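Enquirer: Structure for the following, please:
(chains A, B, C and D)
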Protein chains: 2
Amino acid sequence: MEVRHLAVFLAVAEERNFTRASIRLHTTQSAVSATVQSLEAELGAELFDRSARQIQVTVAGLALIPKARAVLDAVVEARDCVDAVTGGVTGTVSVGFMTSVTLVDIPRLLGEFAEANPEVRVVLRSSERGSSGLVDMLSSGEVDIAFIANLAQPPADVRLMELDSTPLLLTVTSAHRLASRSSIGLRELAGERFIDFPLGYGNRSIIDRAFADAGLDRDVRFETADIAHAAALVKNGLGVAFLPAFLVASEPSLRTLTAQGEDLRLTVSVAISHSRRPSRAAQLLWDLAQNARTPR
Amino acid sequence: MEVRHLAVFLAVAEERNFTRASIRLHTTQSAVSATVQSLEAELGAELFDRSARQIQVTVAGLALIPKARAVLDAVVEARDCVDAVTGGVTGTVSVGFMTSVTLVDIPRLLGEFAEANPEVRVVLRSSERGSSGLVDMLSSGEVDIAFIANLAQPPADVRLMELDSTPLLLTVTSAHRLASRSSIGLRELAGERFIDFPLGYGNRSIIDRAFADAGLDRDVRFETADIAHAAALVKNGLGVAFLPAFLVASEPSLRTLTAQGEDLRLTVSVAISHSRRPSRAAQLLWDLAQNARTPR
DNA sequence: GAAACCAATCGCTATATGCGATGATTCAAG
DNA sequence: CTTGAATCATCGCATATAGCGATTGGTTTC
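Expert: Residues are numbered from 1 along each chain as shown, chains lettered A, B, ... in the order given. All right, here's what the predicted structure looks like:
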């Protein structure tokens, strides 16, 4: 009987629903199902009655609930007592991030982390080369953990966890020939001048890939690494841009169009190196990000 | 942090020695080493000081010991509370065994099991075809668990755990031409009449294989499935036999010889099916056998 | 300095876990 | 009675973890 089994059992018992438990645990329903079954087999008792649509906790399950909580509490105590002796989590965690992507509130996340772990020194690093630069810094050990936007091909030695995503909308001025349209095919954008991020940035690669897949060229006339700057360029009629929805929603002088037949999204993920074992501090930051993310 | 990690940690802390802990846990030193390292990495603290030959528990380790015990106790309670609700372990466990192999005290083992699990009905089954017959019964589900002697080629779907082993010694009467020898090569036994188990029995296959490997024939004149009967036949001068040491040690009229260059041993193992999940009762019996076995 | 002891490490295999897709069952709404 | 949504089980596959046995390297004892 392992701690993980009991944690899964408790989640199901509290939610009275395997699927909701899986969401809470940030895993899949099939994994939850398998775990509960393995626990039941080990105990030699059914813990849930699944015969009806609304599952019931069996008598054995009810008896187990407080004991399972006791085990989990004892585990927390065990961890805390070691932290107390070692003076809590210390050391330095080096965090890579991108300015200008506010989809995920990284400052707030880091604030929470700093409050919970006051002894940890946090070093913030950013990259000239966007997400792909951050990934290289992860691989080289220059940063311990990084918040990145979509990567076309995430390398094998990076472990990614998606935090949130938002649609990328074609943004034009209200005076633009397309301002009255609500959606548009990529093919119709052949003549437009585009404003976009430099190569290497997540946003840029998504759009590049979509045009390449459609066999189309596009004219990226202006490049900037600052997303607010990009919006300002659009506003001044220098070109059009695919920008995240949250950025342009409140701009009265801008209009947005969806791309027909494409699912263009900006996704923010947290990443750690898969090959090197994370420090305790990096692990805690990862866990914090996991709990903070919108549940699917 | 998993229950298994804490159990391993406690064993090392109590033994103050990785190797002894591994023996107590019926695993290997390397596995213990890896487990402790993984726990240390997770906690971000060294638990043992290995710089000297005699390892020391660190301050963090000392703090963890009582908490780890608390977790293990809570786990035991959790299991017990489910057993209490379901009325303890019940059902039927079907045990295959061989009469006449007293190397492992199976009756005592079953006695302990019955005392600890009074609600379980134990069905004893034996096989006409020795260990290979028992293995077939395991595969077919006819028995849940079986105590068997050495198998030449254990099938893939059988999980074996060795319990004990004893040398097989060539046994002759004190009047035999070889009675004064202390060891002998298989080649010199060409003309002897052998008494042995029927085909399919573990003992038989070991000796058959040894002779086959040496490119020799032998003359098995008498076959019996009862090992005491075999000894009696030898005593009456009907032939010679390879018999387990414990059986003939106290027989004044018999002499024993070791086989030169061969390591002929009778090994008793407990076996369960690898493919079907064992019942709770079968699992407990397996655990009991594991704890009862001579530690290496 | 040699031997004994003992934990770390390495390469390999087996098991466990997780995922996504699919299937089966229940139940409510038409 | 049929349809469809909800929901858990199952399957095949990929990856991670754990265990084993052999070996290495460091420490102590004689």
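Enquirer: wait, does stretch A:251-269 contact DNA strand C?
Expert: No - in terms of CB under 7 Å from any atom of the strand, no part of stretch A:251-269 sits within range of DNA strand C; the closest distance is 13.3 Å. In short, each C-beta sits where N, CA and C put it, glycine included.
Enquirer: Could you give the separation of that stretch from the chain centroid?
Expert: 18 Å (CA atoms, centre = their mean, to the nearest Å).
Enquirer: got the CA positions of it in CSV?
Expert: The C-alpha trace of stretch A:251-269 is given here as CSV (Å, rounded to 0.1, in the frame of the first residue of the first chain):
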residue,chain,number,x,y,z
GLU,A,251,-8.5,48.0,-27.0
PRO,A,252,-11.3,50.0,-28.7
SER,A,253,-9.2,50.9,-31.7
LEU,A,254,-8.4,47.3,-32.6
ARG,A,255,-10.4,44.5,-34.2
THR,A,256,-9.8,40.8,-34.0
LEU,A,257,-10.5,37.9,-36.4
THR,A,258,-10.2,34.2,-35.9
ALA,A,259,-8.2,32.1,-38.4
GLN,A,260,-10.6,29.8,-40.3
GLY,A,261,-9.8,26.1,-39.9
GLU,A,262,-6.8,26.7,-37.7
ASP,A,263,-6.5,26.3,-33.9
LEU,A,264,-3.9,28.9,-33.2
ARG,A,265,-3.2,29.2,-29.5
LEU,A,266,-0.6,30.6,-27.2
THR,A,267,0.2,28.0,-24.6
VAL,A,268,2.3,28.8,-21.6
SER,A,269,4.0,25.8,-19.9
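Enquirer: what mean pLDDT does that stretch have?
Expert: What stretch A:251-269 shows for mean pLDDT is 85.
Enquirer: May I see the buried residues of it?
Expert: A:251, A:254-259, A:262, A:264, A:266-269 (16 or more other CB atoms under 10 Å in any protein chain shown).
Enquirer: Just want the most central residue of chain A.
Expert: The centroid of chain A falls nearest to A:Leu163 when counting by CA atoms, centre = their mean (1.7 Å).
Enquirer: From A:Thr258, how far out is A:Gln37?
Expert: 43 Å (CB to CB, to the nearest Å).
Enquirer: Over to A:Arg209: give its phi and psi.
Expert: phi -60, psi -40 (degrees, to the nearest 10).
Enquirer: ok, it to A:Leu264 distance?
Expert: From A:Arg209 to A:Leu264 the distance is 10 Å (CB to CB).
Enquirer: again, but for A:Phe48
Expert: 42 Å.
Enquirer: does DNA strand C sit close to stretch A:273-283?
Expert: No - under the criterion of CB under 7 Å from any atom of the strand, DNA strand C is not reached by stretch A:273-283; the shortest gap measures 11.7 Å.
Enquirer: Flag every buried residue along that stretch.
Expert: For stretch A:273-283, by 16+ other CB under 10 Å, it's A:273, A:278-283.
Enquirer: cool, and stretch A:2-17?
Expert: A:2-3, A:5-13, A:15, A:17.
Enquirer: go on, stretch A:162-171?
Expert: For stretch A:162-171, the neighbour count (16+ other CB under 10 Å) marks A:163-171 as buried.
Enquirer: Stretch A:47-57 now?
Expert: Buried, per 16+ other CB under 10 Å, within stretch A:47-57: A:47-48, A:55, A:57.
Enquirer: any idea which of those residues is closest to DNA strand D?
Expert: A:Ile55 (4.8 Å; CB to the nearest atom of the strand).
Enquirer: Near DNA strand C, which residues of chain A are found?
Expert: So far as CB under 7 Å from any atom of the strand goes, chain A lies against DNA strand C at A:2, A:4-5, A:26-31, A:34-35, A:38, A:51-53.
Enquirer: 10 Å instead?
Expert: By the rule CB under 10 Å from any atom of the strand, the part of chain A lying against DNA strand C is A:2, A:4-5, A:7-8, A:22, A:25-35, A:37-39, A:42, A:50-54, A:161-162, A:296.
Enquirer: Check which helix or strand A:Leu110 maps to.
Expert: Element membership for A:Leu110 (DSSP states H and E) is helix A:106-116.
Enquirer: Is that helix in proximity to chain B?
Expert: No - contact of helix A:106-116 with chain B (CB under 8 Å from any CB of the partner chain) is absent, the minimum separation being 14.3 Å.
Enquirer: mind listing what the helix or strand following that helix pairs with, with the direction of each?
Expert: Using DSSP H and E, the helix or strand that follows helix A:106-116 in sequence is strand A:121-125. Sheet pairing of strand A:121-125 (DSSP bridges) gives strand A:92-96 (parallel).
Enquirer: Figure out how far whichever strand or helix holds A:Glu40 is from the centre of its chain.
Expert: Here A:Glu40, judged by DSSP H and E, is contained in helix A:29-43. Offset of helix A:29-43 from its chain centre (CA atoms, centre = their mean): 27 Å.
Enquirer: That helix near DNA strand D anywhere?
Expert: Yes - Helix A:29-43 comes into contact with DNA strand D (CB under 10 Å from any atom of the strand), by way of A:29-37, A:40.
Enquirer: And for A:Leu64, nearest residue in space, chain neighbours not counted?
Expert: B:Val82 (5.5 Å; CB to CB, 6 or more residues apart in numbering or on different chains).
Enquirer: What number of residues are in the vicinity of that neighbour?
Expert: B:Val82 has 25 neighbours, counted by other CB atoms under 10 Å in any protein chain shown.
Enquirer: Secondary structure class of it, three-state.
Expert: In the three-state summary, B:Val82 is assigned as helix, counting by DSSP: H, G, I helix; E, B strand; the rest coil.
Enquirer: Quick one: residues contacting the residue nearest to the centre of chain A.
Expert: A:Leu163 makes contacts with A:104, A:147, A:268-270, A:289, A:292-294, as judged by CB atoms under 8 Å, 6 or more residues apart in numbering or on different chains.
Enquirer: please redo it, this time with the cut-off set to 10 Å
Expert: By CB atoms under 10 Å, 6 or more residues apart in numbering or on different chains, the contact list for A:Leu163 reads A:103-104, A:106, A:109, A:147-148, A:267-270, A:289-290, A:292-294.
Enquirer: Hmm, A:Leu169 is touching A:Val234, no?
Expert: No - at 11.2 Å, A:Leu169 does not count as touching A:Val234 under the criterion of CB atoms under 10 Å.
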